[in-house]
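Student: Generate coordinates for the sequence data below:
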Amino acid sequence: MLMKKLLNRKTVSKVASFAVFEGKLTLVCPTEDGNGWICDSMALASRESWAASIAQLINTHQLNGSRIRFVLGHGLYQSLIIDQPAIPRHELASALPFLVKDLVTEPPANLVADGFAEPIKDRLQVLVAQRALVQQLVVACLANGCEPELITVDEVVLGQMTADKQSQLVLHSRQHSGLHLTAFKHQVMCFQRQLRGFSQPLIGLTQADLQIDGLALELQRSLDFLSAQLRDAPIAQVLVSCDSDDNEQLAAALQQRLNVPVATVSAAPAELTDYDTRVAWAAQLHQSFVNLYSDSLKPQSNWLTLPNLVAGWAAGAVVIGSLAGWQSWQEYRATQLLAQQQAQLTQKQTELDNAKAALARHLPSELKVKLSGELEQHLAAKQATLKAIAMHDHSLQAGYAGMLQQLAQAASQDISVSRIHAQGNQLDLEGVARSPNAVPGWLQSFARYPQLADRRFEVMSLGRNEENIVTFMLHAQRKTEENP
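Tutor: From the prediction side, this is the model:
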């Protein structure tokens, strides 16, 4: 049931306004295309018929799901002025019924109130209505699937028909009702007064001129008072909106008697011709700085009810059951996966055992390994022998005759060789020389002989014997790649 209520909520979009007066209910709302206005009204026999009339108008114009704004007319609220209390704005609605309890006859518990700062003095303009009256409107609205948004009063929303940058005085009256004066400073009400002793219509009666003169006198008194109060923004114009008169003629007649401009109310759409429809239209534009629809009147959601508890338990059981089912499914999947992995592990373990057995069959015996090592050592010895034999070049096979012949050809008168030792590429020479410089010169002559040009000596030793003759000793140098 709770979910059904939440799903059945309608989308709130259109705004409709009701002007509520004793004996009459007026509806104003925009057309579907937004280019015009729907106006309708019903006579009210008593306050008990409000709910039925509101329901009929909502159903007739298919306003179910709309936001609703109510405007209370004269006689349904009280307007009071008190000193500005040191109370935050959000606490005014709950504190004002107690602050004005000495100025009204109803107990604070039976009242709803709101207020705003008066532009003239540092005082608070308070608007008070009966709680039962306002609750009746709220209940009728909610019963038809609409959302109450604003409950205000006619004299406050009347400011929407004045200039937002000027101070203006509005003369207004409903059909078969008295005259009222309301002054606005920048569209905020700052003065109100009821004019008594005038018959309506004002124009067209036998003593019309006398009535107009008297009305002009009352207007001038109010203008003088407001001029003293509104020094920074004096009254710039008088507006006329009287249902029982021709407003054009009335404005022209007053213009002849006053020293301020007088005009008819022109801010409202042309099709809205009476006071009730105009204030209902003004509620569409009104910024809700005065709203008698306080939080205490808004429907409180009581969630701790038996149907809600049952629905909560059912939802909890469904969630728990779903979680249990999901957990069981996860466990089942995990069990299946574990069994599959174990089967694969068993298969791999069998393959591993088979591979180990095959490897064991191919391992060599210790005797074969030992014989193989000995054969490798014998082969290495043979290779070393062959390498040593390879160190001997072709000179070992051909002899040293060519080398000795070329050594003889390289003989020098300054050198006498006493010992020649040749082995492979090694050649050692010893002997005597006429002088120490003769040995290097002799060695340089080896470059002209092929068998001697490649000979290298790593040691050359010079000395003298007992007879003081220079001796030399040359030891051959083996090539690097031939060193064992």
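Student: quick one, longest helix in the protein?
Tutor: Identified as the longest helix of the chain according to DSSP state H is helix 306-361.
Student: Which neighbouring elements make contact with that helix?
Tutor: Based on contacts counted as 3 or more CB pairs under 8 Å, 6 or more residues apart in numbering; DSSP states H and E, the elements that helix 306-361 packs against are helix 2-7. Where you see a C-beta, it was placed from the backbone N, CA and C, and this is true even at glycine.
Student: For my notes, confirm Gln405 occurs in a strand.
Tutor: No: the assignment for Gln405 by DSSP: H, G, I helix; E, B strand; the rest coil gives helix, which leaves it out of any strand.
Student: okay, now it: neighbour count?
Tutor: Other residues lying near Gln405 total 12 when counted by other CB atoms under 10 Å.
Student: now do the one 3 residues further on
Tutor: Residue neighbour count, defined by other CB under 10 Å, stands at 9 for Ala408.
Student: same check, this time on the one 4 residues further on
Tutor: By other CB under 10 Å, 14 other residues sit near Ser412.
Student: Can you tell me how far it is from Leu223?
Tutor: 152 Å (CB to CB, to the nearest Å).
Student: now swap in Glu271 and tell me
Tutor: Applying CB to CB, the value for Glu271 to Leu223 is 32 Å.
Student: who's more crowded, these two?
Tutor: Neighbour comparison, Glu271 and Leu223: the larger count goes to Leu223, with 19 against 12 (by other CB under 10 Å).
Student: can you tell me how far the more buried one sits from Ala380?
Tutor: Note on Leu223: its distance to Ala380, by CB to CB, is 135 Å.
Student: any idea which element Val170 lies in?
Tutor: In the assignment (DSSP states H and E), Val170 maps to strand 167-173.
Student: for that strand, packing partners?
Tutor: Counting by 3+ CB pairs under 8 Å, 6+ apart, the packing neighbours recorded for strand 167-173 are strand 179-185, helix 208-229, strand 235-242.
Student: Tell me what angle the first one forms with strand 167-173.
Tutor: Using axes from the mean of the first three to the mean of the last three CA atoms, to 10 degrees, the inter-axis angle of strand 179-185 relative to strand 167-173 is 160 degrees.
Student: partner strands of strand 179-185, parallel or antiparallel?
Tutor: Sheet pairing of strand 179-185 (DSSP bridges) gives strand 167-173 (antiparallel), strand 188-195 (antiparallel).
Student: hang on, Gln136 is in a helix, isn't it?
Tutor: Yes: applying three-state DSSP, one finds Gln136 inside a helix.
Student: Give me the number of neighbouring residues for the residue lying closest to it once chain neighbours are set aside.
Tutor: Taking CB to CB, 6 or more residues apart in numbering, and ignoring the residues beside it in sequence, Gln136 has Trp50 as its nearest neighbour in space, at 5.8 Å. If you count neighbours by other CB under 10 Å, Trp50 ends up with 19.
Student: With His475 instead?
Tutor: 15.
Student: Contacts only, for it.
Tutor: Contacts were defined as CB atoms under 8 Å, 6 or more residues apart in numbering; by that measure His475 touches 428, 457-460.
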